[in-house]
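got a structure for you, letters missing:
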DNA sequence: ATGAAAGCGCTAACAG
DNA sequence: CTGTTAGCGCTTTCAT
């Protein structure tokens, strides 16, 4: 077969099937200019005549060259224009929670003005690997969202030496941290139901640690909770209970959920409402869990709020529609602030951590019968 | 000041403030082994003795070397393990829509098993630049979600020659495309209200094109709609109307919204319900728009469904809570499919586009009074 | 099991 | 306004 290999036939234009993708060098060679000039045509239009630039861009198109390779560019420039947002769980759960989505919205609101994009990263390592994929991620900085204090990913990210911002994580050292007033929010939720006369309470807890355990949490279990948000809210509930002169252990049963999903809240509520000291009020650490509790109450034929009162946390859109009393937090703002803080850090500024953002109890029909 | 510059004092461990970040070479030099061996310690543990590997990792830690630089690694390997998800709008809107979040959830569900991460990219260029940031994005492939047929980003992404998958975009050439049965879904929504006896209809349309126009859309305007989803759903509504022997122009008023937000749906419904031929049924191209319509009806003192019926599209969680009749689509599955298709493409397989995913009308109280 | 050599594709200085 | 020079930090044959 003599004709099988056309020996590098000239295929100047639309040579998409060329043996190799065209590079900046090829374009330079084709025009007899230097690579630097071609680079400038893309990165600094003002550094060369409009005419030459046009010729370069044209030849590039003909050669099937679409522009500087982002990876090579990143290596050379030492920047990727990407920030990694690290989420505690698998990514597919990050979007299940409206509050997480709203947070992301806040972050991108801060970054998109600068043309910086968001890389979503799960903190948990890929099953086959030993470390979180965040060590392989090309990014200029990280937003570490809602990780357990002892999450390996946290250490990895911080050790990497890139700028980082913590969100809903216990403040540590000099890393800028964004938090909300979890203790105060939880306390106000609890005070609210106590004021309504409830004396037997049930807590629907978010994850305590990374074990994905699900079940009642005794005093021991409540002792050292690595998840900051869970720990703080628990503290808040407790402080209200004790301030009311009640004994925490006997008045309040705590159930620990494995994930922030309505299904988990459903299970938790089912379990709590079946204990001998059946609570008359359920304090959920998230609206997602509270939604499950509302469903559980309905399935058990219990009236809300008469038979059982329910309070959530977050105030996602569905909360209003369902008449859920809840603790509102400025989730979007939290994200925006985290984004801004990281950008400042990237720019070399040394912003201090802001004060915890404040929360507000929103009273709706799930605790107080609509007038 | 003689003592100001300690002339390269030995700071072997925790030399975080060293003049330069340690590289793989430094680690190799410190141990007197070759860079290749250090590289292997990270990438191919089986290629060297456990003992040597441990020593390498230890020295690396002491030197403040946290592992191979992802960008350099990417350049050398020719892969980033990142796929870009391109969304029509600014990123901060991508998360405003629960359906978009659910879609993303589907995509990540497909990719996370392979340790591939998601880079979120807005199709619209940054105000100061002329092209979408997707040309600067280091990624191995793209999911192009819900772009207008004439969006420049679409051409750019496709021209880049990387594997790509289209979602909710008009199929073109050989690019794998995931769509749903938009026409059928819309038709079923419309048939439903026609069957209920409605004869004056209002359509709350998603974006027609990238102009962010808002207002009534006449026949001209309805002629060539670049947004695939809008075009198809319009076609679906119309086919039902005409199949019922009605005249489209006189029976149906179409309002075009500028964005997929409840506020837009509110404006649209307000406008439609104030026209002389006041519609008795509103067909919204998304649940988000429909939610706004429900609010508008309430504000106008109109009873739903008695005074005005409302049908949505998507079936997001809130739809059930609000009793919205809507067209359900498998949004999560759509994302998962898109992810799998792209991964297959990345692996060199040539999967054909799947058939459009099917939709189902879910009848609730916004069109039919609860029994 | 380990090392040497050769770039991946680009851009920042600086010189002309 | 344009070209020259010199790597960015890594991985991957192919030897040894």
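Noted; the coordinates are in hand. Keep in mind that this is a model prediction, so the values were computed, not measured. Numbers count the residues shown, from 1 in each chain, chains lettered A, B, ... in the order given.

near chain B at all, stretch A:92-106?
Yes - applying C-beta under 8 Å from any C-beta of the partner chain, one finds stretch A:92-106 in contact with chain B at A:92, A:93, A:94, A:95, A:96, A:98, A:101, A:102, A:104, A:105, A:106. In short, each C-beta sits where N, CA and C put it, glycine included.

Any stretches of the stretch 1-150 of chain A with poor pLDDT?
Under the criterion pLDDT under 70, the flagged ranges of the stretch 1-150 of chain A are A:1-20.

out of the residues of stretch A:92-106 next to chain B, which is most surrounded?
Comparing the residues of stretch A:92-106 next to chain B by number of neighbours (other C-beta atoms under 10 Å in any protein chain shown), residue A:104 comes first, having 29 neighbours.

My read is that that one contacts residue B:93, right?
No - in this structure, residue A:104 is not within contact of residue B:93 by C-beta atoms under 8 Å, at 11.5 Å.

Residue A:35: what's it in contact with?
By C-beta atoms under 8 Å, 6 or more residues apart in numbering or on different chains, residue A:35 lies in contact with A:24, A:25, A:28.

out of the residues you listed, who's nearest chain B?
residue A:24 (13.6 Å; C-beta to the nearest C-beta).

thinking again about what came up before, and the contacts of residue A:35, which of them are buried?
Neighbour-count burial (16 or more other C-beta atoms under 10 Å in any protein chain shown) applied to the contacts of residue A:35 gives A:24, A:28.

can you list the contacts of residue A:35 in JSON lines and add secondary structure?
Below are the contacts of residue A:35 laid out as JSON lines (DSSP: H, G, I helix; E, B strand; the rest coil):
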{"residue": "A:24", "secondary structure": "helix"}
{"residue": "A:25", "secondary structure": "helix"}
{"residue": "A:28", "secondary structure": "helix"}
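
what subset of the contacts of residue A:35 is also close to chain B?
Among the contacts of residue A:35, not one lies near chain B by C-beta under 8 Å from any C-beta.

so can I have JSON lines of the contacts of residue A:35 showing distance to residue A:198?
What follows is the contacts of residue A:35, written out as JSON lines (distance: C-beta to C-beta, whole Å):
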{"residue": "A:24", "distance to residue A:198": "70"}
{"residue": "A:25", "distance to residue A:198": "74"}
{"residue": "A:28", "distance to residue A:198": "76"}
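
out of the contacts of residue A:35, who's nearest DNA strand C?
For the contacts of residue A:35, the closest approach to DNA strand C (C-beta to the nearest atom of the strand) belongs to residue A:24, at 3.0 Å.

Tell me which residues touch that closest one, please.
By C-beta under 8 Å, 6+ apart, residue A:24 lies in contact with A:35, A:38, A:39, A:65, A:68.

For the nearest residue to the last one once chain neighbours are set aside, grab phi and psi.
Leaving out its chain neighbours, the residue that sits closest to residue A:68 by C-beta to C-beta, 6 or more residues apart in numbering or on different chains is residue A:42, at 5.6 Å. With angles defined as degrees, to the nearest 10, residue A:42 sits at phi -90, psi -40.

Could you count how many residues lie near residue A:42?
When counting by other C-beta under 10 Å, one arrives at 18 neighbours for residue A:42.

DNA strand C contacts on the stretch 51-200 of chain A?
Residues of the stretch 51-200 of chain A that fall close to DNA strand C, judged by C-beta under 7 Å from any atom of the strand: A:67, A:68, A:69, A:72, A:73, A:75, A:76, A:77.

let's see 6 Å
Listed as neighbours of DNA strand C in the stretch 51-200 of chain A under the rule C-beta under 6 Å from any atom of the strand: A:68, A:69, A:72, A:73, A:75, A:76, A:77.

Which of the helices or strands spans the third one?
Assignment of secondary structure by DSSP states H and E places residue A:72 within helix A:70-77.

So that helix, near DNA strand D or not?
Yes - residues of helix A:70-77 contacting DNA strand D under C-beta under 6 Å from any atom of the strand: A:75, A:76.

Would you mind listing the buried residues in that helix?
A:70, A:71, A:72, A:73, A:74, A:75.

Next up, the contacts around the closest residue to the last one other than its chain neighbours.
With C-beta to C-beta, 6+ apart as the measure, residue B:71 is the residue that lies nearest to residue A:75, at 4.7 Å, once sequence neighbours are left out. Residues in contact with residue B:71, defined by C-beta under 8 Å, 6+ apart, are A:71, A:74, A:75, A:80, A:138, B:138.

Ok, residue A:149 next?
Contacts of residue A:149 (C-beta under 8 Å, 6+ apart): A:169, A:170, A:226, A:227, A:228.
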